[in-house]
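> Prediction below, plus the sequence it came from.
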Amino acid sequence: MSEKATLEKRFAEIRARDFTRLDRGGHTYLDYTGSGLYAESQLRSHMQFLQDHVLGNPHSENPASAAATRLVESTRERVLEFFNADPDVYQVVFTANASAALKLVGEAYPFEATSRFVLLRDNHNSVNGIRSYARARGAEVSYIDLSRDLRIAPGERIPPAGEGPSLFAYPAQSNFSGVQHPLALVEEAHALGYDVVLDAAAFVPTNPVDVSAVGPDYMCVSFYKMFGFPTGVGALIARTDALHKLHRPWFAGGTVEYVSVQSEVHRLRNDAGAFEDGTPNFLAIAGIPSGLDFLESVGMDALHEHVLGLTSRLLEMLTELHHGNGRPVVDVYGPLTTEARGGTVAFNVLDPEGRVVPFGVVEREASEENISLRGGCFCNPGAAEVAFGLPASETLDCLQAQPWGAFNLKDLSSCLGRDLPVGAMRASLGIATDHADLDRLAAFLRRYVDRPVDALEAAAAR
Ligand SMILES: Cc1ncc(COP(=O)(O)O)c(C=O)c1O
């Protein structure tokens with residue numbers, strides 16, 4: 001059997017054993033960048049663990065509390081080990097999700113008037129949001145441009161760091177286009193004097209990461225994106241010296257060595273606990289080892305190969321679809337090959353005249369077929385603006401003209417008054433994706449062949 005066939009057989013077995021609910025419910029799940037799916041065996045092992053242990057609120061000496069403390073501490077070690085992060089150099093801070101990890105950095109990074117915050121246009125809003133903290137402290141904020149294929153534009157360089165503490169932030173993999181930006185940017189930015197935030201949320205579910213080799217100061221992940229369960233827990237994996245640079249704007253239960261009310265002083269802990277406000281989500285944290293065990297049993301390299309092979313087929317399938325007049329049915333945003341890209345593909349459906357079929361129509365029709373695709377801008381407006389070619393000043397006017405509380409992409413589209421998309425569809429692949437999922441997506445998209453957009457919109461309005 002060829003290597004490819006062996007890999008396919010293995011993943012077919014994994015699907016048949018651990019994701020039986022997909023076929024039982026007739027699901028075509030293609031939203032892994034939104035959320036990973038948990039393996040059924042992973043749930044069983046987590047439930048067994050909960051049934052076998054008495055876990056109380058950590059940070060006390062009683063047996064139930066001590067068991068929870070041990071569990072949280074051993075899970076930190078397990079996470080470091082999974083990402084090959086040297087425990088003498090890195091720490092794991094448990095957070096609610098990747099966004100909360102990014103916020104910890106943004107609110108506590110010592111930005112000052114001579115600092116620079118530099119980021120790629122291709123970032124999730126939870127990274128873009130750090131600019132509000134930087135600006136509030138007078139730091140200069142600048143974006144690195146993308147080219148039309150949504151990679152860093154030729155000739156774009158990270159500027160030298162400012163005199164004050166400076167931060168560079170980028171995603172290892174775009175949640176919009178699937179582009180994998182070079183991990184070597186971490187070293188490049190360090191050499192220019194930056195601390196680096198690596199947003200690994202969309203990368204780690206299907207790619208191995210060697211944190212010790214890559215060397216980010218701060219890296220964020222959401223565990224549900226890696227293995228589906230539990231939700232509500234992510235991590236900031238940070239160098240101890242980088243954590244010590246952060247100045248937390250407050251303290252809370254669990255974060256302090258001491259607090260005096262009468263003297264109004266406090267001292268934060270000097271470990272990861274200083275960043276974990278209140279009671280950690282210890283029962284969810286208890287679910288992390290079974291998720292990591294599951295991924296390790298599959299093997300990250302094998303998972304990567306599996307997703308890459310399917311992505312290649314998906315790209316081929318999308319670009320091969322044509323209307324009777326020879327025009328393409330699908331406009332893919334981002335690279336059309338699997339080189340330095342992951343299994344996330346953003347696209348719009350076009351009609352025979354090349355007009356964009358509103359993503360809302362496609363999303364609704366896909367949902368009717370039990371196909372889970374995502375529609376919109378995926379919280380990544382920078383990549384979307386470049387992909388759709390949105391003119392800056394007209395778009396700004398239209399954004400600001402939208403009434404507060406009633407924002408909607410459809411109105412934005414009519415305000416722009418041109419045939420420009422304001423959102424897209426996104427298919428993203430993962431551990432349980434198989435060729436049959438892609439076949440169903442292809443069959444679904446074939447229904448747009450030779451269908452003019454006005455007819456589709458009229459049908460949608462009915
Ligand atoms: C690249 C990237 N960064 C950050 C996030 C935010 O993750 P969460 O919503 O789990 O905080 C996401 C979520 O889609 C993402 O894809």
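On my side now, so go ahead. Residues are numbered from 1 along each chain as shown.

> So which residues of the stretch 1-150 of the chain form helices?
Taking DSSP state H, counting those that start in this stretch as the criterion, the stretch 1-150 of the chain contains helices spanning 3-18, 20-24, 40-52, 63-82, 98-108, 125-128, 130-136.

> could you measure the residue with the largest distance to the centre of the chain against the ligand, distance?
Relative to the mean C-alpha coordinate of the chain, counting by Cα atoms, centre = their mean, the farthest residue is Q262 (44.4 Å). Here the criterion is Cβ to the nearest ligand atom, to the nearest Å. By it, Q262 lies 39 Å from the ligand. Every residue, glycine included, has its C-beta placed from N, CA and C.

> Is that residue in a helix, a strand, or coil?
Counting by DSSP: H, G, I helix; E, B strand; the rest coil, the backbone at Q262 sits in coil.

> V196 too?
Three-state call for V196 (three-state DSSP): strand.

> Same question for V345.
Per three-state DSSP, the local secondary structure of V345 is strand.

> show me what contacts the nearest residue to it once chain neighbours are set aside?
Leaving aside its chain neighbours, V345 sits nearest to A427 (5.2 Å; criterion: Cβ to Cβ, 6 or more residues apart in numbering). Contact criterion Cβ atoms under 8 Å, 6 or more residues apart in numbering gives 30-31, 314, 344-345, 347, 373, 441 as the residues in contact with A427.

> got the contact list for the residue in the stretch 351-462 of the chain positioned nearest to the ligand?
Among the residues of the stretch 351-462 of the chain, C379 lies nearest to the ligand; the distance is 6.3 Å by Cβ to the nearest ligand atom. C379 is in contact with 124-126, 175, counting by Cβ under 8 Å, 6+ apart.

> Please apply the same query to T75.
In this structure, T75 makes contact with 92, 94, 285-286, 288-289, judged by Cβ under 8 Å, 6+ apart.

> ok so, going back, can you tell me which helix or strand the residue nearest to V345 belongs to?
Using DSSP states H and E, A427 maps to strand 424-428.

> Just the C-alpha atoms of that strand, please, in PDB.
Coordinates of each C-alpha in strand 424-428 appear next as PDB, following Å, rounded to 0.1, in the frame of the first residue of the first chain:
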ATOM      1  CA  ALA A 424     -16.600  35.400   2.300                       C
ATOM      2  CA  MET A 425     -17.000  31.700   3.000                       C
ATOM      3  CA  ARG A 426     -14.400  29.700   4.800                       C
ATOM      4  CA  ALA A 427     -13.900  25.900   4.700                       C
ATOM      5  CA  SER A 428     -11.400  24.600   7.200                       C
END
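
> C-terminal to that strand, which secondary structure element comes first?
Beyond strand 424-428 on the C-terminal side, the first helix or strand identified by DSSP H and E is helix 435-446.

> Around the ligand, which positions in the stretch 351-462 of the chain sit nearby?
In this structure, the stretch 351-462 of the chain does not approach the ligand anywhere, judged by Cβ under 6 Å from any ligand atom.

> Show me what the helix or strand of the chain with the lowest mean pLDDT is packed against.
Taking all helices and strands of the chain together, the one with the lowest average confidence (mean pLDDT, DSSP states H and E) is helix 453-461, at a mean of 78. Using 3 or more Cβ pairs under 8 Å, 6 or more residues apart in numbering; DSSP states H and E as the contact criterion, the elements in contact with helix 453-461 are helix 359-368.
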